[in-house]
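Undergrad: Starting from these lines, generate the structure:
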Amino acid sequence: MEQQERPYQTIAERLLAEVADLYRRKPDIPTLLGLSPIEPGDAADLLADVLASAATGQSDAARLRYHAMEAFKADAESFGAALVDIETTARKNFEPGGLSATLLYSRGVHAVLAHRVAHFYWTTDERDLALALKAVFGRAFSTDVHPAARFGKGIWLDHGLGFVVGETAIIGDDVSIWHGVTLGSTLKDSGERRHPRLGSGVTVGADAVLLGGIDVGAGAVIAAGSVVLKDVEPGTTVAGVPAKGKPRTETSFKGI
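TA: Numbering: from 1, shown residues only. Model (predicted):
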């Protein structure tokens, strides 16, 4: 158990140290972002504060902060996954600033954090609260992610704008998704397999639309603007409307 928790703890310690250093160097930043003047006690407090400030104007920030903090402190697995999301995004992004800039400024990170909070309440049978949070965060981040959808860890949601995810969708570990992506249904399916399931290491380009209870295999790449209606084999690149594929190569990956 300690071996599993230690990587999360290391990320948390780095994140807190980087944010504290930024606040010392640029004391106007927390005020500009609407963050609490009280220094966060731990990483869960920090994530909750950032998420609440990012949704300012949509709801009562204090209530959002409370619910987010409760979720992150009650669900160690989801909190750990959130830290990995931040680390993964910082590593994949080209912008400078490290973990602190990624947490404070990345709309995609905020949207994934928001979903993790709403999902916690959905899984603890606080369905009305989960849906209310989903609505608030959706207005704030221009997303519509059902709180029942299941996310793995290390999610890189670049920009996040226009991200739509249905109730039964599943996103595996280390998945990279650009803006405008839809994981939706065909309206012809029913039950627990109405929405797509993305395997680990999948990449989905901007404005791609994936519909129905399809499986996208590990390491597959969905090109920008594609419409995917059928299963995608692992390690395959698909493109077009409707999408057609071929085994992925380094050349086919470029420009996605």
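
Undergrad: which one is Ala71 nearest to, not counting chain neighbours?
TA: Phe120 (3.9 Å; Cβ to Cβ, 6 or more residues apart in numbering). Backbone N, C-alpha and C define where each C-beta goes, glycine included.

Undergrad: Just give me the neighbour total for Gly172.
TA: Number of residues near Gly172 (other Cβ atoms under 10 Å) recorded here: 20.

Undergrad: I figured it was touching Gly199, is that so?
TA: Yes - using Cβ atoms under 8 Å, Gly172 is in contact with Gly199, at 4.9 Å.

Undergrad: So for these two, which residues contact both of them?
TA: Ala218 (Cβ atoms under 8 Å, 6 or more residues apart in numbering).

Undergrad: any idea how far Leu51 is from the closest residue to Ala12 other than its chain neighbours?
TA: Using Cβ to Cβ, 6+ apart and skipping the chain neighbours, the partner closest in space to Ala12 is Ala43 (3.8 Å). Plainly put, Ala43 is 12 Å away from Leu51 if you go by Cβ to Cβ, to the nearest Å.

Undergrad: Have a look at the two and say which one is more surrounded.
TA: More crowded of Ala43 and Leu51, by other Cβ under 10 Å: Leu51, with 29 against 23.

Undergrad: hang on, that one packs against His110?
TA: Yes - contact criterion Cβ under 8 Å: Leu51 and His110 qualify, at 6.3 Å.

Undergrad: for this structure, which residue is closest to the average position?
TA: With distances taken as Cα atoms, centre = their mean, the residue of the chain nearest its centroid is Val112 (2.6 Å).

Undergrad: so what's the backbone phi/psi at it?
TA: phi -70, psi -40 (degrees, to the nearest 10).

Undergrad: Let me know the helix or strand that Ala132 is in.
TA: Assignment of secondary structure by DSSP states H and E places Ala132 within helix 127-141.

Undergrad: list the buried ones in that helix?
TA: By 16 or more other Cβ atoms under 10 Å, the buried positions in helix 127-141 come out as 129-134, 136-138, 140-141.

Undergrad: Tell me how far that helix lies from the chain's centre.
TA: Helix 127-141 sits 15 Å away from the centroid of its parent chain (Cα atoms, centre = their mean, to the nearest Å).

Undergrad: that older thread, JSON lines please, covering the buried residues of helix 127-141 and showing distance to Val228 and pLDDT.
TA: Listed next are these as JSON lines, based on distance: Cβ to Cβ, whole Å; pLDDT from 0 to 100:
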{"residue": "Leu129", "distance to Val228": "33", "pLDDT": "97"}
{"residue": "Ala130", "distance to Val228": "28", "pLDDT": "98"}
{"residue": "Leu131", "distance to Val228": "27", "pLDDT": "97"}
{"residue": "Ala132", "distance to Val228": "31", "pLDDT": "96"}
{"residue": "Leu133", "distance to Val228": "29", "pLDDT": "96"}
{"residue": "Lys134", "distance to Val228": "24", "pLDDT": "96"}
{"residue": "Val136", "distance to Val228": "30", "pLDDT": "94"}
{"residue": "Phe137", "distance to Val228": "26", "pLDDT": "94"}
{"residue": "Gly138", "distance to Val228": "23", "pLDDT": "94"}
{"residue": "Ala140", "distance to Val228": "28", "pLDDT": "92"}
{"residue": "Phe141", "distance to Val228": "24", "pLDDT": "94"}
